[in-house]
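Visitor: The following comprises the amino acid sequence and a computationally predicted model.
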Amino acid sequence: MMFNWLSLVTGLFYIALGIVIIIYKFFFIILEPTVAYPLGAVVMLYGIFRIWRAVSRIKNTGNDE
């Protein structure tokens, strides 16, 4: 159960990281806009996927009880 909540928080951090990459165009090195925008979008999509997966697992554990 704790893993699901940790995955939810991690998803939020991934979304925040994607926003930072897009705004500052930095991810360990200075990025060109043509690289920063797609990389930020992919990181944000991964964060949304982690949140969706965590919410679905939390709902499923509630049904099993």
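Guide: Perfect, thanks for sending it. All values derive from a computational prediction rather than experimental measurement.
Visitor: CA atoms for contacts and neighbours, from now on please.
Guide: Noted.
Visitor: list the buried ones in the lengthiest helix in the chain?
Guide: In the chain, with assignment by DSSP state H, the single longest helix is helix 33-64. Residues 36-37, 39-41, 43-48, 50-51, 53-55, 57-58 are the ones in helix 33-64 that count as buried (16 or more other Cα atoms under 10 Å).
Visitor: average pLDDT for it?
Guide: The average pLDDT within helix 33-64 is 90.
Visitor: quick thing: my sequence starts at 32, can you match it?
Guide: Sounds good: first residue 32 from here, last item helix 64-95.
Visitor: who does it touch, helix- and strand-wise?
Guide: Counting contacts by 3 or more Cα pairs under 8 Å, 6 or more residues apart in numbering; DSSP states H and E, helix 64-95 packs against helix 33-55.
Visitor: what residue is smack in the middle of the protein?
Guide: Geometric centre of the chain, nearest residue: G78, 1.6 Å, by Cα atoms, centre = their mean.
Visitor: From the chain's centre, how far out is stretch 78-93? Work that out for me.
Guide: 12 Å (Cα atoms, centre = their mean, to the nearest Å).
Visitor: follow-up on the earlier one: burial measure for the closest residue to the residue nearest to the centre of the chain other than its chain neighbours, as a count.
Guide: Computed as Cα to Cα, 6 or more residues apart in numbering, the closest residue to G78 that is not its neighbour in sequence is G42, at 4.0 Å. Using other Cα atoms under 10 Å, G42 has 24 other residues around it.
Visitor: so how far is I53 from G42?
Guide: According to Cα to Cα, to the nearest Å, G42 and I53 sit 17 Å apart.
Visitor: same thing with M32?
Guide: M32 sits 33 Å away from I53, going by Cα to Cα.
Visitor: Those two: which has the busier surroundings?
Guide: Neighbour count, other Cα under 10 Å: between M32 and I53, I53 has more, with 20 against 9.
Visitor: Contact partners for that one?
Guide: For I53, the contact set (Cα atoms under 8 Å, 6 or more residues apart in numbering) comprises 64, 67-68, 70-72.
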